[in-house]
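In: Provided below for reference: sequence and predicted model.
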Amino acid sequence: MAKQVTEHEDFKKSPDSLNSDAIELSNVSDLIFEQRARWLKIRSLVTAVRERIPAPVDHMGCHVLPENVLKLHSIASQNLQVLLSLLLSSQTKDQNTFAAMQAFRAYFEPDEITPIGILATDESTIDQLIRGVGFHVKKAGYIKKIAGLLFNELKGQIPNSLPELIKLPGIGPKMGILYLQNARPYPGSDQLKNQNDDSFGLAVDTHILRLSQQWRLVTLPSHSSVATMTPELARAQLEQIVPREQWKEANPLLVGFGQTVCGARSKRCSDCDVSGTGLCSADQLNTTSAKRKIKQESLKIKDIEDLHVVKKEINHADQIVVHGRSLRPRKKKK
């Protein structure tokens, strides 16, 4: 009897074996299979673009902090700084988050950032150190509260499960997933012992939410109680479509693409390999916009030509109409 596939169960095969006979398509709905094939095509195209065009997340994201920035710090301080950087990243560009964490780290040097050190620091001072990030006043309060919980209740160790993590002030599912994927096990602890299987989840931020809808990977269910797609609704769908082993890589891959090539307001479609493949709904919008712009430019040129033709006659006309617009000659001052 064929094995029943649960909501978040995934293929154990590599992407290259997607069409292999070993995969029993009877276990996967046609829609999920089609969407997975769509994702794998998009992932390949986006990866090629990202190899050509680096992004801020590549050297400032939380996934590079432990190895590139914090490798000389203790595990406890590394994990705390990864969590704090995620907290500061909400509604903030990576460049500003990175600068705020540098200022925060410099303030405590030569000591490490610790819960007790944060508790000994005025909230107003913390606010000044991180003022370059969005909602810095509120985040300064969250930092103090997290330090208090770590010192008084959690024995200095950040929780290693998503339900417990999102109980911390200011920490949402996206931040919790990214923390679990990038934190390191505490000495003498079995926390995060399974982190290499990337099974904590697929972290969905504003870039991924927008792109996944633009590429028609996710859709708002007809029975949904909300009017627009949310990060958690998108995550539930993406975790069925994206192979489990790609969950961790998907976040920096797509975030960087959204930062550099396909922003909310500016889209560099000429640099995008997805453009023109029929996989992106922005193609139609951009084509319509381009046609509209060409039409507007042609009308302007036509107006200029018409005005040039009638220029010599305008002084003798009571009224001239060009493309439906009435032009009256100016009366000469006596």
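Out: Noted; the coordinates are in hand.

In: what about the helices in the protein?
Out: 30-52, 56-60, 75-89, 94-108, 115-119, 123-129, 136-152, 162-165, 173-182, 206-214, 231-241, 247-260, 282-310 (DSSP state H).

In: now those as JSON lines including mean pLDDT, mean neighbour count and distance to residue 275?
Out: C-beta: built from backbone N, CA, C; applies to glycine. Formatted as JSON lines, those follow (pLDDT from 0 to 100; neighbours: other Cβ atoms under 10 Å; distance: least, Cβ to Cβ, whole Å):
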{"stretch": "helix 30-52", "mean pLDDT": "94", "mean neighbour count": "16", "distance to residue 275": "9"}
{"stretch": "helix 56-60", "mean pLDDT": "93", "mean neighbour count": "19", "distance to residue 275": "21"}
{"stretch": "helix 75-89", "mean pLDDT": "94", "mean neighbour count": "23", "distance to residue 275": "28"}
{"stretch": "helix 94-108", "mean pLDDT": "94", "mean neighbour count": "18", "distance to residue 275": "24"}
{"stretch": "helix 115-119", "mean pLDDT": "97", "mean neighbour count": "16", "distance to residue 275": "46"}
{"stretch": "helix 123-129", "mean pLDDT": "97", "mean neighbour count": "16", "distance to residue 275": "41"}
{"stretch": "helix 136-152", "mean pLDDT": "97", "mean neighbour count": "18", "distance to residue 275": "37"}
{"stretch": "helix 162-165", "mean pLDDT": "94", "mean neighbour count": "15", "distance to residue 275": "35"}
{"stretch": "helix 173-182", "mean pLDDT": "94", "mean neighbour count": "23", "distance to residue 275": "27"}
{"stretch": "helix 206-214", "mean pLDDT": "96", "mean neighbour count": "20", "distance to residue 275": "11"}
{"stretch": "helix 231-241", "mean pLDDT": "95", "mean neighbour count": "20", "distance to residue 275": "21"}
{"stretch": "helix 247-260", "mean pLDDT": "96", "mean neighbour count": "22", "distance to residue 275": "12"}
{"stretch": "helix 282-310", "mean pLDDT": "54", "mean neighbour count": "12", "distance to residue 275": "6"}
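
In: nearest to residue 267 among these would be which one?
Out: Among these, the nearest to residue 267 by Cβ to Cβ is helix 282-310 (6.0 Å).

In: count of neighbours near residue 219?
Out: Number of residues near residue 219 (other Cβ atoms under 10 Å) recorded here: 15.

In: my read: residue 226 touches residue 234, true?
Out: No. With contact defined as Cβ atoms under 8 Å, residue 226 does not count as touching residue 234 (11.6 Å).
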